[in-house]
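Undergrad: After the sequence you'll find the predicted model.
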Amino acid sequence: MADKLFQVWLKEGEEAWLLIHIEVQGQPEGTFPQRVFRYNIRSYERYNRPVVTLAVLTDEQASWRPEYFEYGRWQARTRIDFLPVKLLDYRGREAALEHEANPFAQVVLAHLHALASRNDAEGRQRYKVSLVKGLYDRGWSAEDVRQLFRLIDWMMDLPLELEQEFRTEIGKWEEEQRMPYVTSIERLAKAEGKAEGKAEGKAEGKAEGLHEGLVRAKQEDINTCLATKFGAAGKRLAGKVRKITDLDRLGEVFQAALRAESLDQVRQHCS
């Protein structure tokens with residue numbers, strides 16, 4: 001659950017409170033509407049203000065479109081309606097999304113292509129390069145680019161070899177464009193450089209340093225995701241995540257963290 005509290009003013013100049021509850025759901029689940037209802041009510045009880053609930057549905061089942069929760073008997077009923085957004089609905093509209101100024105359009109593009117390229121790692125790499133380069137051409141601040149890059153990097157995971165190629169290409173492109181934005185790519189390059197120095201340029205040291213840099217970056221991404229989704233409880237899993245050094249397994253844990261609705265669903269991948 002991600003709750004945001006905004007202070008806004010109506011067009012008439014009157015001050016107003018706007019409570020927005022955003023729920024991201026990655027797979028069909030029968031209890032999802034009930035959970036949305038529960039979080040909405042908790043927010044209302046805490047602040048005694050109207051709550052608007054938005055549901056971002058990132059699953060692949062086109063027919064699953066929950067939009068309300070209702071319970072009761074006879075003529076006594078309670079109901080909440082929420083606003084769902086199905087990312088699959090944007091499939092086929094990629095060309096329009098590429099020209100959108102809204103940063104979230106780039107996230108939707110990454111999500112759609114991540115689904116489409118599950119069995120095409122090289123195709124995913126090419127599109128990821130194109131998508132990331134496009135972030136620099138929209139006049140966004142360095143911090144905005146960094147945040148979008150991190151999210152896209154999570155969503156469009158690559159095998160180690162292709163990740164190296166992607167990192168190298170984007171790093172060179174940043175130099176050519178003279179945009180030294182500090183991204184995880186640059187961070188990994190620094191880690192690799194330190195490892196190479198210690199190994200005095202030996203091939204073994206280079207490979208080992210690169211692997212260690214990628215492992216640390218992936219661990220950091222997982223722990224950031226867990227802390228964002230589950231707060232303090234998610235942070236307590238950081239120790240277990242740091243004990244995992246196999247990149248393939250870290251990739252599995254990361255995907256589990258993105259989809260998980262509870263920490264238990266992540267813990268089983270960390271044991």
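TA: The structure has been received and is ready for your questions.

Undergrad: Okay, now the unreliable bits of the stretch 1-150 of the chain?
TA: By pLDDT under 70, the low-scoring segments of the stretch 1-150 of the chain are 1-8.

Undergrad: which residues in it form strands?
TA: 2-9, 15-25, 51-57, 68-73, 76-81, 83-86 (DSSP state E, counting those that start in this stretch).

Undergrad: Next, the buried residues of the second one.
TA: Along strand 15-25, the positions that meet the burial threshold by neighbour count (16 or more other Cβ atoms under 10 Å) are Leu19, His21, Ile22, Glu23, Val24, Gln25. For every residue, glycine as well, the C-beta is placed using N, CA and C.

Undergrad: strand partners of it, parallel vs antiparallel please.
TA: Sheet pairing of strand 15-25 (DSSP bridges) gives strand 2-9 (antiparallel), strand 51-57 (parallel).

Undergrad: which one of the strands of the stretch 1-150 of the chain is the most hemmed in?
TA: Comparing the strands of the stretch 1-150 of the chain by mean neighbour count (mean count of other Cβ atoms under 10 Å), strand 51-57 ranks first with a mean of 19.

Undergrad: quick one, it and strand 76-81 angle?
TA: 60 degrees (axes from the mean of the first three to the mean of the last three Cα atoms, to 10 degrees).

Undergrad: who's in contact with strand 51-57?
TA: Residues outside strand 51-57 that contact it (Cβ atoms under 8 Å, 6 or more residues apart in numbering) are 18-25, 32, 36, 39-40, 43-44, 64-67, 80, 82-88.

Undergrad: Kindly report the same for stretch 139-156.
TA: 103, 106-107, 110-111, 113-114, 117, 124, 127-128, 131-132, 135-136, 179, 181-184, 221, 224-225, 254, 258.

Undergrad: which of the residues you listed count as buried?
TA: Buried among the contacts of stretch 139-156 by 16+ other Cβ under 10 Å: 106-107, 110-111, 113-114, 117, 124, 127-128, 131-132, 135-136, 181, 183-184, 221, 224-225, 254, 258.

Undergrad: Quick check: which element contains the residue most central in space within the chain?
TA: The residue lying closest to the centre of the chain (Cα atoms, centre = their mean) is Leu151, at 4.4 Å. Assessed by DSSP states H and E, Leu151 sits inside helix 142-155.

Undergrad: Just the buried residues of that helix, please?
TA: Val145, Arg146, Leu148, Phe149, Arg150, Leu151, Ile152, Asp153, Trp154, Met155.

Undergrad: Export those residues as a markdown table, with columns for distance to Val266.
TA: Listed next are the buried residues of helix 142-155 as a markdown table, based on distance: Cβ to Cβ, whole Å:
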| residue | distance to Val266 |
| --- | --- |
| Val145 | 28 |
| Arg146 | 25 |
| Leu148 | 24 |
| Phe149 | 24 |
| Arg150 | 19 |
| Leu151 | 18 |
| Ile152 | 21 |
| Asp153 | 19 |
| Trp154 | 14 |
| Met155 | 17 |
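
Undergrad: ok, Gln61 - contacts?
TA: Pro28.

Undergrad: tell me the secondary structure for Gln268?
TA: Assigned state for Gln268: helix (three-state reduction, DSSP: H, G, I helix; E, B strand; the rest coil).

Undergrad: Could you measure from it over to Ala256?
TA: Distance, Gln268 to Ala256, using Cβ to Cβ, to the nearest Å: 8 Å.

Undergrad: try Trp74
TA: Trp74 is 43 Å from Ala256, by Cβ to Cβ.

Undergrad: Quickly list the domain ranges of the protein.
TA: 2-87, 91-182 (automatic domain parsing).

Undergrad: can you list those in TSV and add distance to Lys243?
TA: Converted to TSV, those look like this (distance: least, Cβ to Cβ, whole Å):
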stretch	distance to Lys243
domain 2-87	26
domain 91-182	19
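
Undergrad: so which of the ones you listed gets nearest Asp264?
TA: Closest approach to Asp264 among the domains of the chain is made by domain 2-87 (14.5 Å; Cβ to Cβ).

Undergrad: Go ahead and measure how far that closest one is from the middle of the chain.
TA: The chain centroid and the centroid of domain 2-87 are separated by 20 Å under Cα atoms, centre = their mean, to the nearest Å.
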